[in-house]
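Trainee: Next input, structure requested:
(chains A and B)
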Amino acid sequence: MADKRMGAADVVAQLHDGMTIGIGGWGPRRKPMALVREILRSPLKDLTIVAYGGADVGMLCAAGKVRKVVFAFVSLDFIPLEPYFRLARQHGAVETMEVDEGLFLLGLKAAGWGLPFIPTRVGLGTDVPKVNPSLKLVDSPYDDKQWLAMPALPLDVALVHVDRADARGVCQVKGPDLYMDDLFVRAAKATYASCDELVDGSVFEAGDEARYVPWERSETTGVVHLPCGAHPSSCAPLYGFDVAHFKEYAASAKDADGWQRYVERYVACGEAEYLARVGGEAAIRQLAPPVF
Amino acid sequence: MTDATLIDRIICAAAEAWKDDGEVLATGIGVVPRLAASLCMATLNPDLMMTDSEAFIVREPVPIGPRGDYRVKRESAMGFARIFDNVWSGKRHAMVGPTQVDRWGQANISMIGADYARPKVMMLGVRGFPGNSISHANSFFVPHHNPRVFVAGEVDMVASVGYKPDRFPRGWNYEDVVDIRRVYTNLAVLDFSGPGHQVRLVAVHPGVTPQAVQEATGFPLQIPDAVPTTPQPTAAQLALIARFDPHNLRAHALGA
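Mentor: Numbering: from 1, shown residues only, chains lettered A, B, ... in the order given. Okay, the predicted model is just below:
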């Protein structure tokens, strides 16, 4: 029986310079931040990052890991503009593929379904095709219109964070929104899931627990037990996002050495010390889910 | 007019946006649009649908901010992936806050500057604007009406479509897909019902002249001979706004 448990460093050892990496979650929500921090500690570079972006994208840009970002937005929501992504863009430091949130979804679906593209009206009439010369129009065999052909967004690797998983890669998300995590997983050749809780597979037998398992275990390549591994993003209903930490992170971008200081305090120290420095697991689990 | 009374007046005016929409999802991005949608659902159009601004459709508008004893009345799931099924069905009318709007109604929230590869100011990205604008009705809320928002030329990055026929490929009639309803600002109410979809002045807030609105706009407006003033909120409307905004988050909606 497959045992997919591994450590964060084992995941990063599977990654290579130049890879296309999809990151699940949405803005400040359920991002595999502990895995992102492990990438920050590595020499990886020239990555193409595909994400409904938050601090995951900002941090990887700040650390010089990114060649290209595929995005519809990069935002911390309550802090609308992601500070380090903003700097990277304004310095012309990253290539981009900027698409509509729904085009992004279609690209992931096309990759998961093995299609070269999905036709859509989304993006017609806007500058999205102009700034992305790789987006083509196609004639329909069924009408006289031209449609935008959203190309598949195949991923070498997807990184996601889930509430709980077992050693075989059965992953469960009980928060109110799966975001597009299942689409990232199916678009990827390999998926590594960090989990807040590592459980025995029998957990999923009870009640309707199995209804919250959004993809079958054959899609999961590796499972990393990283309690509070989404911090500072949220993992509802287990914990909300850390407003104070995000504010500190965003403020650091105002100083020339701000990123270096953030790395020294929160990244270089390793994950166990990170959790201690942000208040510890018990404090993180007290972070209230955001109310809008 | 104080900001507080002006904000309530704008909310009441903007609530009219969804009045005749029937059963659609009303999405108000930001405090003023959300309160306007809430007021509309509570008074003018009870068939509207709204979400809890997170992951569920709700049976009645949810007050903004910390909820105390209030229990959200859920009706159905509405996570981010499912939103696109609704968007592409066309059964939605969003009120959003663009950074730039041009004479064609094209709007931008992505970036400011002439060089896309190196923006002067990077903002959010196009988000869902392209798909929203070609799929369903949209209205705008602009808290600071000035020529940097209502630009003279085209917006720097066209994130949402406007009444500009040369932008559409073969087979598409822009009249069939572009549906920009109303623009609510700190000065006035505008729409696109002038000749050839020219922006038209619908109403001004008290103390604002049509001339002042024109001077704050980077392109020529169609100004009717008689421009009405936006109505004063009723006591019943004010009570509902207070219920939906118990922490008075709207106080800062115009930047105060």
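
Trainee: Work out for me the element the residue of chain B found nearest chain A sits within.
Mentor: Using Cβ to the nearest Cβ, residue B:171 is the residue of chain B that sits closest to chain A, at 3.2 Å. Backbone N, C-alpha and C define where each C-beta goes, glycine included. Using DSSP states H and E, residue B:171 sits in no helix or strand.

Trainee: what residues are up against the residue nearest to it when sequence neighbours are not counted?
Mentor: In space, not counting the residues next to it along the chain, residue B:171 is nearest to residue A:145; the distance is 3.2 Å by Cβ to Cβ, 6 or more residues apart in numbering or on different chains. Contact analysis of residue A:145 by Cβ atoms under 8 Å, 6 or more residues apart in numbering or on different chains lists B:169, B:170, B:171, B:172.

Trainee: Same check on residue B:88?
Mentor: By Cβ under 8 Å, 6+ apart, residue B:88 lies in contact with A:102, A:122, B:131, B:135.

Trainee: I'd like these as CSV, with distance to residue B:79 and neighbour count appended.
Mentor: Output for the contacts of residue B:88, formatted as CSV (distance: Cβ to Cβ, whole Å; neighbours: other Cβ atoms under 10 Å in any protein chain shown):
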residue, distance to residue B:79, neighbour count
A:102, 14, 24
A:122, 19, 30
B:131, 16, 30
B:135, 18, 25
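
Trainee: so what does the strand or helix carrying residue A:109 touch, helix or strand wise?
Mentor: Assigned by DSSP H and E, residue A:109 belongs to helix A:101-113. Under the contact criterion of 3 or more Cβ pairs under 8 Å, 6 or more residues apart in numbering or on different chains; DSSP states H and E, helix A:101-113 touches strand A:117-120, strand A:146-151, helix A:181-187, helix B:80-89, helix B:129-135.

Trainee: what's it in contact with?
Mentor: For helix A:101-113, the surrounding residues in contact (Cβ under 8 Å, 6+ apart) are A:22, A:52, A:70-73, A:99, A:115-118, A:120, A:122-123, A:128, A:148, A:150-155, A:180, A:183-184, A:186-187, B:80-81, B:84, B:87-88, B:127-128, B:130-131.

Trainee: now do 7 Å
Mentor: Contact with helix A:101-113 is made by A:72, A:117-118, A:120, A:122-123, A:150-155, A:180, A:183-184, A:186-187, B:81, B:84, B:87, B:127-128, B:131, as judged by Cβ atoms under 7 Å, 6 or more residues apart in numbering or on different chains.

Trainee: Look at residue B:27 and give its secondary structure.
Mentor: strand (DSSP: H, G, I helix; E, B strand; the rest coil).

Trainee: hey, what's the closest residue to it other than its chain neighbours bridged with?
Mentor: Closest residue in space to residue B:27, ignoring its immediate chain neighbours: residue B:94 at 4.2 Å, by Cβ to Cβ, 6+ apart. Beta bridges link residue B:94 to residue B:27, residue B:138, judged by DSSP bridges.

Trainee: show me the contacts for residue B:94.
Mentor: If you count contacts by Cβ under 7 Å, 6+ apart, residue B:94 has them with B:27, B:29, B:132, B:138.

Trainee: top of the residues you listed by neighbour count?
Mentor: Using other Cβ atoms under 10 Å in any protein chain shown as the neighbour criterion, residue B:132 leads those with 28 neighbours.

Trainee: My guess is that one contacts residue B:87. True?
Mentor: Yes: the criterion here is Cβ atoms under 7 Å, and residue B:132 meets it with residue B:87 at 6.0 Å.

Trainee: Export the contacts of residue B:88 to JSON lines and append columns for distance to residue B:226 and pLDDT.
Mentor: Shown next, in JSON lines, are these (distance: Cβ to Cβ, whole Å; pLDDT from 0 to 100):
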{"residue": "A:102", "distance to residue B:226": "42", "pLDDT": "98"}
{"residue": "A:122", "distance to residue B:226": "41", "pLDDT": "98"}
{"residue": "B:131", "distance to residue B:226": "38", "pLDDT": "98"}
{"residue": "B:135", "distance to residue B:226": "35", "pLDDT": "98"}
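
Trainee: In TSV, list those residues along with distance to residue B:115.
Mentor: Below are those laid out as TSV (distance: Cβ to Cβ, whole Å):
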residue	distance to residue B:115
A:102	27
A:122	25
B:131	26
B:135	30
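
Trainee: of all the residues you listed, which comes closest to residue A:252?
Mentor: residue A:102 (33.0 Å; Cβ to Cβ).

Trainee: hmm, back to that, ok, now how distant is the residue of chain B closest to chain A from residue B:250?
Mentor: 44 Å (Cβ to Cβ, to the nearest Å).

Trainee: Specify which residue of these two has the higher count of neighbours.
Mentor: Under the neighbour definition other Cβ under 10 Å, residue B:171 and residue B:250 were set side by side, and residue B:250 has more, 23 against 12.

Trainee: which SSE is residue A:163 in?
Mentor: Here residue A:163, judged by DSSP H and E, is contained in strand A:155-165.

Trainee: what lines up beside that strand in the sheet?
Mentor: When pairing is defined by DSSP bridges, strand A:155-165 lines up against strand A:20-23 (parallel), strand A:171-172 (antiparallel), strand A:188-198 (parallel).

Trainee: Touching it from outside, list them.
Mentor: For strand A:155-165, the surrounding residues in contact (Cβ under 7 Å, 6+ apart) are A:15, A:19-25, A:30-32, A:35, A:50, A:111, A:171-174, A:181, A:184-185, A:187-199, A:223, A:229-230, A:235, A:238.

Trainee: Kindly report the same for stretch B:203-219.
Mentor: B:1, B:6, B:9, B:103, B:145-147, B:150-152, B:187-189, B:199, B:201, B:221, B:223, B:227-230.

Trainee: if we can go back for a sec, top of the contacts of residue A:145 by neighbour count?
Mentor: Most crowded among the contacts of residue A:145, counting by other Cβ under 10 Å, is residue B:172 at 21 neighbours.

Trainee: Quick one, grab the pLDDT at the residue nearest to residue A:32 when sequence neighbours are not counted.
Mentor: In space, and not counting its chain neighbours, residue A:32 is closest to residue A:161: 4.0 Å by Cβ to Cβ, 6+ apart. Per-residue confidence (pLDDT) for residue A:161: 98.
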